[in-house]
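Q: here is a sequence with its predicted model. Questions after.
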Amino acid sequence: MPNFNGRRNTSIDKIFAFLRRHLLAIIVVIVVVSGIIATVMIVNRDDRPGDDDGGAIAILQPASEVRLAMYEPKSFDPLLSSDEDVVYINQLVYSYLFRLDNGLNIMPDIVESYVPNRETGSVEIVLKDDLIFSDGTAMNAYDVEYTIDTIKVIGETSPYYNYVKKISKVFVTSRNSLFIEFYSPKDAALDNLVFPIVSAESYRDYTFNVGGGPYKFGEYKAGKELILEANDKYYGEIPEISVVLSIVKNKEILPGLTTMDDVTAYISKEASADDIAIDKGLRCRYIPSGELEFIGFNCNNSILADSELRFAIASAIDRESIVKDDYANSGVVSDSLYFPNFLDVTAGEDVKYDPKKAAEILASLGYTDTNEDKVLENESGVPLSIRLLVRKDSGTRKDAAATIAKNLNAIGINVEVIQLASEEMTAVLKGGSFDMYLGGIKLDKQFKMTELFTSANYGRYDDETVLTLVSQLEQCLSREEQKGVFTVLKPLLNKELPYFSICYKTHSFVSVSSLAVKDGPTFFDPYRDIQHWSWQKKVTTEE
């Protein structure tokens with residue numbers, strides 16, 4: 001027999017030599033192939049419906065409904081219930097005379113035209129033609145009159161009583177027109193007319209009443225689910241998607257439900273909401289709330305009576321840093337004392353963080369550090385020292401006060417932070433024995449800022465031009481007139497600075513990552529324009 005041993009040994013040696021030379025590359029190939037096989041097996045195991053004769057894959061498809069969550073309310077009565085979730089739902093189910101846009105300006109809803117009278121505090125209103133409730137009955141001026149009268153009868157337990165109690169008279173002049181007069185022309189803003197309109201024919205404190213909004217009540221399972229269906233009688237664009245509200249007992253579970261597409265979006269007022277959203281792969285957007293954090297100046301003392309000095313102080317305060325470090329990013333800097341982008345007015349430059357400019361202003365006012373102790377003195381050698389009051393029970397504000405003191409110390413202003421109990425601080429403010437204070441105010445969607453210039457005007461600010469313009473914003477003005485007033489007021493406030501806005505606290509709008517929102521939510525209307533929301537949900541299909 002032929003002897004093949006030598007040839008065989010040579011071949012084996014060559015194979016081992018090849019393996020030694022290419023060992024690293026071979027290992028990489030094996031790892032990659034193994035990873036691909038493992039990934040395929042994992043995907044098939046996760047998505048397989050249970051049988052072994054076919055695979056399944058998860059794909060994204062446009063959703064036909066928006067899924068929300070709510071607590072079980074005490075009542076669905078649109079004029080009586082103050083449950084936050086019900087108030088939000090009302091804006092989807094009912095019509096309003098006026099709504100407020102993202103800039104908090106009035107926006108006609110069922111109103112076709114209106115003529116306000118600032119002197120008399122009255123408004124003539126013409127409604128749109130052919131308005132219909134979701135049950136097919138006509139909606140007219142008598143329903144508006146009935147709604148106002150019913151809210152007055154309900155009284156203070158109605159969330160809309162504070163609006164309606166200002167109305168002295170309602171005259172229906174025809175089925176589609178009416179005349180509304182307020183008790184005081186000084187408190188007759190049309191944003192009082194932002195309550196849901198009910199049917200005079202069918203409203204009787206039922207579980208669900210008919211409305212005229214884009215949606216109507218559908219199936220309701222107590223403790224489980226509420227469905228809102230498209231209202232095909234709606235005067236505007238008919239929604240193409242439905243809204244499903246799951247009733248939950250604890251909203252802390254919402255992040256988990258959102259990751260499973262059981263909830264499309266929700267509002268959170270927790271400071272940690274953004275961290276939770278990021279951790280779970282959700283989208284988080286910040287919504288400015290009506291909670292204003294501000295510095296109040298004592299305009300009646302010898303130092304801070306000078307508006308230029310107030311401007312220098314404001315220019316030296318790093319608000320962005322305060323929001324980030326002291327408010328845990330749960331705030332937004334506004335371009336004036338009023339709400340960000342208030343009435344969509346862009347006129348008037350905001351006060352920018354500019355410590356160099358602040359130092360220049362102080363120098364122009366005669367402040368210098370003559371003894372080089374890092375504290376400025378006036379021409380008489382008196383140190384520029386300021387007391388900043390803050391409530392001792394507010395941890396966030398105490399941190400912000402410390403940052404403000406640090407900012408001002410850096411330009412030569414000696415700041416002493418004084419922490420006081422709530423009652424003590426109020427007494428000191430009313431007495432007027434202070435320089436500055438760090439405070440806050442919570443405003444609803446009407447945004448009545450007059451309190452800071454009237455009953456809470458602790459700084460004794462008395463510029464008649466500014467006070468008049470602030471007052472006019474609460475009077476019976478049209479949308480255009482109101483914007484015109486604030487166009488003049490805004491730059492004056494940013495120059496005079498009786499108050500300096502630190503930030504507006506924010507809420508978090510958390511949603512699935514695929515949600516597209518055209519007209520963003522607001523703190524008073526988180527489901528705004530929900531009929532135009534779109535998102536894609538994960539659907540498992542056979543391969």
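A: Ah, there it is. Numbering: from 1, shown residues only.
Q: on contacts alone, who are the packing partners of the helix or strand encompassing Tyr437?
A: Element membership for Tyr437, per DSSP states H and E: strand 436-442. Judged by 3 or more C-beta pairs under 8 Å, 6 or more residues apart in numbering; DSSP states H and E, the packing partners of strand 436-442 are strand 283-297, strand 385-391, helix 395-409. Using the backbone N, CA and C atoms, a C-beta is placed for each residue, glycine as well.
Q: try 10 Å this time
A: Here strand 436-442 touches strand 283-297, strand 385-391, helix 395-409, strand 414-420, helix 422-431, strand 499-511, going by 3 or more C-beta pairs under 10 Å, 6 or more residues apart in numbering; DSSP states H and E.
Q: all strands for the stretch 251-400 of the chain, in order.
A: 265-268, 283-297, 331-332, 385-391 (DSSP state E, counting those that start in this stretch).
Q: what average pLDDT does the longest one get?
A: It stands for strand 283-297. Across strand 283-297, pLDDT averages out at 96.
Q: list the pairing partners of it within its sheet, with orientation.
A: strand 436-442 (antiparallel), strand 499-511 (antiparallel) (DSSP bridges).
Q: so which bits of the strand holding Tyr437 are buried?
A: The neighbour-count check on strand 436-442 (16 or more other C-beta atoms under 10 Å) flags 436-440 as buried.
Q: figure out which of the strands of the stretch 251-400 of the chain is closest to Ala200.
A: strand 283-297 (32.2 Å; C-beta to C-beta).
Q: compute the inter-axis angle for that closest one and strand 385-391.
A: Angle of strand 283-297 versus strand 385-391, following axes from the mean of the first three to the mean of the last three C-alpha atoms, to 10 degrees, is 130 degrees.
Q: what's the angle between strand 283-297 and helix 422-431?
A: For strand 283-297 against helix 422-431, the angle by the same axes, to 10 degrees is 50 degrees.
Q: return the distance of strand 283-297 from the chain's centre.
A: Its chain's C-alpha centre and that of strand 283-297 lie 8 Å apart, by C-alpha atoms, centre = their mean, to the nearest Å.
Q: just want the angle from it to helix 395-409.
A: 60 degrees.
Q: with only the CA atoms kept, save strand 283-297 in CSV.
A: Provided in CSV are the C-alpha atoms of strand 283-297 (Å, rounded to 0.1, in the frame of the first residue of the first chain):
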residue,chain,number,x,y,z
ARG,A,283,-40.0,61.7,26.0
CYS,A,284,-40.3,64.5,28.5
ARG,A,285,-41.2,68.1,27.6
TYR,A,286,-41.3,71.0,30.1
ILE,A,287,-44.5,73.1,30.4
PRO,A,288,-44.4,76.4,32.2
SER,A,289,-46.9,76.5,35.0
GLY,A,290,-48.6,79.5,36.6
GLU,A,291,-46.2,79.3,39.6
LEU,A,292,-44.0,82.4,39.5
GLU,A,293,-40.8,82.7,41.6
PHE,A,294,-39.7,86.4,41.9
ILE,A,295,-37.6,89.0,43.7
GLY,A,296,-39.6,91.8,45.2
PHE,A,297,-37.8,95.2,45.7
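Q: hang on, the earlier thing: turn the buried residues of strand 436-442 into JSON lines, including pLDDT.
A: JSON lines is the format used below for the buried residues of strand 436-442 (pLDDT from 0 to 100):
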{"residue": "Met436", "pLDDT": "98"}
{"residue": "Tyr437", "pLDDT": "98"}
{"residue": "Leu438", "pLDDT": "98"}
{"residue": "Gly439", "pLDDT": "96"}
{"residue": "Gly440", "pLDDT": "96"}
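Q: from the residues you listed, which single one is nearest Leu309?
A: Using C-beta to C-beta, these come closest to Leu309 at Met436, 11.2 Å.
Q: contact partners for the closest one?
A: Met436 sits next to 295-298, 301, 303-304, 310, 313, 386-390, 401, 404, 408, 415, 459, 500 when contact means C-beta atoms under 10 Å, 6 or more residues apart in numbering.
Q: so how far is Phe500 from it?
A: 9 Å (C-beta to C-beta, to the nearest Å).
Q: cool, Met139 as well?
A: 46 Å.
Q: one more: Met449?
A: Taking C-beta to C-beta, one finds Met449 at 14 Å from Phe500.
Q: that older thread, for Met139 and Phe500, indicate the residue with more neighbours.
A: Under the criterion of other C-beta atoms under 10 Å, the comparison of Met139 against Phe500 puts Met139 first, with 28 against 23.
Q: can you pull the phi/psi pair for the more buried one?
A: phi -110, psi 130 (degrees, to the nearest 10).
Q: how about it, nearest residue that isn't a chain neighbour?
A: Leaving aside its sequence neighbours, Met139 sits nearest to Leu131 (C-beta to C-beta, 6 or more residues apart in numbering; 3.9 Å).
Q: how about Leu492?
A: Leu492 sits nearest to Val466 (C-beta to C-beta, 6+ apart), 5.4 Å away.
Q: quickly find the element holding that neighbour.
A: helix 464-472.
Q: so the nearest residue to Ala405 once chain neighbours are set aside bridges to which residues?
A: Closest residue in space to Ala405, ignoring its immediate chain neighbours: Val415 at 3.9 Å, by C-beta to C-beta, 6+ apart. Under DSSP bridges, the beta-bridge partners of Val415 are Ile386.
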